[in-house]
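> fold the following, please.
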Amino acid sequence: MKDMEYDVVVVGAGPGGSSAARFLSEKGVKVLVLEKRQEIGAPKRCAEGLNRSALEDLGVPISEKFTTSNINGAVLYSPKGKKVVMDKVGDGFVLERKVFEKHLAALAIRKGAKYMVKTTVTDVIKDGGRVVGVKANFMDEEFMVKAKIVIAADGVDSMTAKRAGINTVNRLSDYHSGFQYEMAGITNMDAHKLHIFFGNDVAPKGYVWIFPKGDDVANVGIGIVGIASEDGKRARDYLDKFIANNPEFFAKASPIEVNSGGIPVSASAKSFVSDGFMVVGDAAQQVNPIHGGGIAIAMYAGKIAGEVAAKALKEGDVSAKRLSEYEKIWRDDEGKRLETLLKLRTFLERLEDEDFERLAEVISGDDIMKLTVGDYGGLPKLLAKMPKLLPLAKKLF
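Sure, this is the predicted structure:
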């Protein structure tokens, strides 16, 4: 293959990468997106939940082609099975992510971006410490792409960021192991609610989820801290046990797909820009530290990165100082919210099962909704009913 030259190379065609490519292309920037997978969107790597407003805010047309169940709330289960219902507190859906990511790529392509799939980035090219392109391999053919800016959107284990000299490695305590089945034949499930189960026997320092994708189909998964729990059990071991112990849901169910992977829950990496280089999405640890969701967050980060990169190119300045506008905008807005939620995650991870049971008795769906958006105004009143937790709350909040 011949060597190429573009204004921007984006590594990774997930939500963050395609979002950056679309907003760059809208500004007339010449963009190439390189994706190592042979099919964009497959395999899926999450529970696929998304709020409707996230797409509307980013100008992404919503289509029945990539949406399944409409979601209007959630049901939270304590370790002993007590339910806290969050009813009509949301407006979203569970995606068919394999279709959704192709949809995002198509939007960017229609704006002028070029895509290559089954193309692995093997290294970054540097000139005097500044990133000026990448080396890549397309079906055993080596080539280089020169670029004024490279954007790494290649996931939680971003090798592109590492090669560029940016440390995005997660601490073990900020890394959750996820394992998930897509299952058919599930019974007794409200198909318009997300179902979330807590407890140290269920998922130590994590939770199990059921995200409906139809009347009897759902993503059934788990996230736990680290590669395995203190007793050596893996995420899959806990999930299999949960399924076996809950025949009311799973007696007639079977898996039709298996997914697994790592989930960064630190709120963000310490830095995600350098000379000629930017990092977005999971690669920058831009993930909600409570539930591990990152689709909308990555897309928003891609938008900011794309708009800042377009302005920097127009000004002829792609230095880290100029590109840091992206990081400042992020940290002053979404980053600040995620840092607040990180405190809540730390609080929840220190609770014992008896604490969850007590919380289930005193907390309401409205209380939970406020907490999950970083509104802690009602926390003192709530914790007054649980004096045992006051010292921990005062330390964190």
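> nearest residue to the residue most central in space within the chain in space, please, no chain neighbours.
By CA atoms, centre = their mean, the chain has its centre lying nearest to Gly294, at 2.0 Å. Nearest non-adjacent residue to Gly294, counting by CB to CB, 6 or more residues apart in numbering: Val287, 4.0 Å away. Where you see a C-beta, it was placed from the backbone N, CA and C, and this is true even at glycine.
> gap between stretch 138-157 and the chain center?
21 Å (CA atoms, centre = their mean, to the nearest Å).
> avg pLDDT for it?
The average of the pLDDT scores along stretch 138-157 is 96.
> go ahead and confirm Gly261 touches His176.
No - using CB atoms under 8 Å, Gly261 makes no contact with His176, being 9.7 Å away.
> in the protein, which helix is the longest?
In the chain, assigned by DSSP state H, the helix with the most residues is helix 295-315.
> same for that helix, what does it pack against?
strand 4-11, helix 15-26, strand 49-51, helix 52-57, strand 141-152, strand 277-279, helix 320-332, helix 334-349 (3 or more CB pairs under 8 Å, 6 or more residues apart in numbering; DSSP states H and E).
> any idea which element Val60 lies in?
Assigned by DSSP states H and E, Val60 belongs to no helix or strand.
> and the pLDDT at it?
So, for Val60, pLDDT stands at 95.
> who's in contact with it?
103-104, 107, 299 (CB atoms under 8 Å, 6 or more residues apart in numbering).
> recalculate using a threshold of 7 Å.
Residues near Val60 by CB atoms under 7 Å, 6 or more residues apart in numbering: Leu107.
> same check, this time on the one 10 residues further on
Shown here is Asn70, whose contacts under the criterion CB under 7 Å, 6+ apart are 93, 192.
> let's see it at 6 Å
Phe93 (CB atoms under 6 Å, 6 or more residues apart in numbering).
> ok, back up a step: mean pLDDT for the helices and strands packed on helix 295-315: which is lowest?
Taking the mean pLDDT of the helices and strands packed on helix 295-315, helix 334-349 comes last: a mean of 84.
> can you spell out which helices and strands pack onto that helix?
Packing partners of helix 334-349 (3 or more CB pairs under 6 Å, 6 or more residues apart in numbering; DSSP states H and E): helix 390-396.
> quick one: buried residues of the helix it packs on?
Ala393 (16 or more other CB atoms under 10 Å).
> averaged pLDDT, that helix. What do you get?
72.
> list the contacts of it.
Taking CB under 6 Å, 6+ apart as the rule, helix 390-396 contacts 343, 346-347, 383.
> for Glu352, give its distance to Ala296.
Noted for Glu352: a distance of 32 Å to Ala296, by CB to CB, to the nearest Å.
> likewise for Arg45?
Arg45 is 15 Å from Ala296, by CB to CB.
> can you state the direction angle for the longest helix of the chain and helix 334-349?
150 degrees (axes from the mean of the first three to the mean of the last three CA atoms, to 10 degrees).
> next one: helix 295-315 to chain centre, how far?
17 Å.
> do the same with stretch 7-15
With CA atoms, centre = their mean, you get 17 Å for stretch 7-15.
> lovely, talk soon.
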